[in-house]
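*Asks:* Next one to model:
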Amino acid sequence: MKVSHVIYKVQDLDKGVKEFRAKGFEVEYGKKKNPYNALIYFSEGPYIELLANTGMPSLVKTILGLSAKGEKLLNRLNYWDQHPGGYCGLALENYKDNLDSERAILKKHEQGCFQMNSRRNDTKGRQLRFKCAYPYELQIPFYMTYFNIDPKPKNFVHPNGVKRISHITYGVRRELFPLIHEMCDDEMLELLEGDGIEDVEFECFPRDL
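*Replies:* Take a look at the predicted model:
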């Protein structure tokens, strides 16, 4: 698996979009009506998801809380919803139409997950479809299949000169290192002892002085 994206929590989506646009990033809302997230895509590698909330209705959260598996997913959703701001999540992706191999690795390491089908119709009319698996252990990144339609721009550099994310430092308990290393072979991801994303570095297009 490769790094799919990082989640950056914002308290107000419109304000967050304006702030990142002011930093020279192109930002698009996740959907036209009542968006709860926005995306900063790069032509290659992971993207940034600005997340105001998970968009999960209260009724659905109540239903999830009625089962042990659902409650474990709810813990992750509530963590994102209640996060004060900044980087708060890491996703990995494969390029298949299922997450069977990833679930097998989790099982091997005595970890479980909640899997679900996801969909989003974006602002450009693309009907994005993918599968997600959310490990019960919150420090383990969640997993997804890549979108059925590639939403990333081609040969694109942001107005601020940023081409891509080049390095991510992710803090996690040391006993989880083997699982994540077995799951992910992306050289941009560096693990260290800690709790969550420590740093995100960017590669910029060289400009004439």
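*Asks:* which residues sit against the helix or strand of the chain with the lowest mean pLDDT?
*Replies:* Scoring the helices and strands of the chain by mean pLDDT, DSSP states H and E places helix 58-64 at the bottom, with a mean of 90. Outside helix 58-64, the residues that touch it by CB atoms under 8 Å, 6 or more residues apart in numbering are 70, 71, 73, 74, 77, 78. C-betas here are computed from N, CA, C, even on glycine.
*Asks:* Quick check: the gap between the residue lying closest to the first one once chain neighbours are set aside and residue 174.
*Replies:* Pointing back at residue 70 there. Counting by CB to CB, 6 or more residues apart in numbering, residue 64 is the residue found nearest to residue 70 once chain neighbours are left out, at 3.4 Å. Taking CB to CB, to the nearest Å as the measure, residue 64 falls 31 Å from residue 174.
*Asks:* Burial check on residue 184, number of neighbours?
*Replies:* 22 (other CB atoms under 10 Å).
*Asks:* please renumber so the chain begins at 31
*Replies:* With the count now opening at 31, the last piece we talked about shows up as residue 214.
*Asks:* OK, contacts around it?
*Replies:* 31, 32, 33, 122, 171.
*Asks:* can you list contacts of the longest helix seen in the chain?
*Replies:* Ordering each helix of the chain by length in residues (DSSP state H) puts helix 98-112 first. Residues outside helix 98-112 that contact it (CB under 8 Å, 6+ apart): 37, 39, 81, 83-84, 86, 91, 93-95, 118-119, 142, 144, 164, 166, 168, 172.
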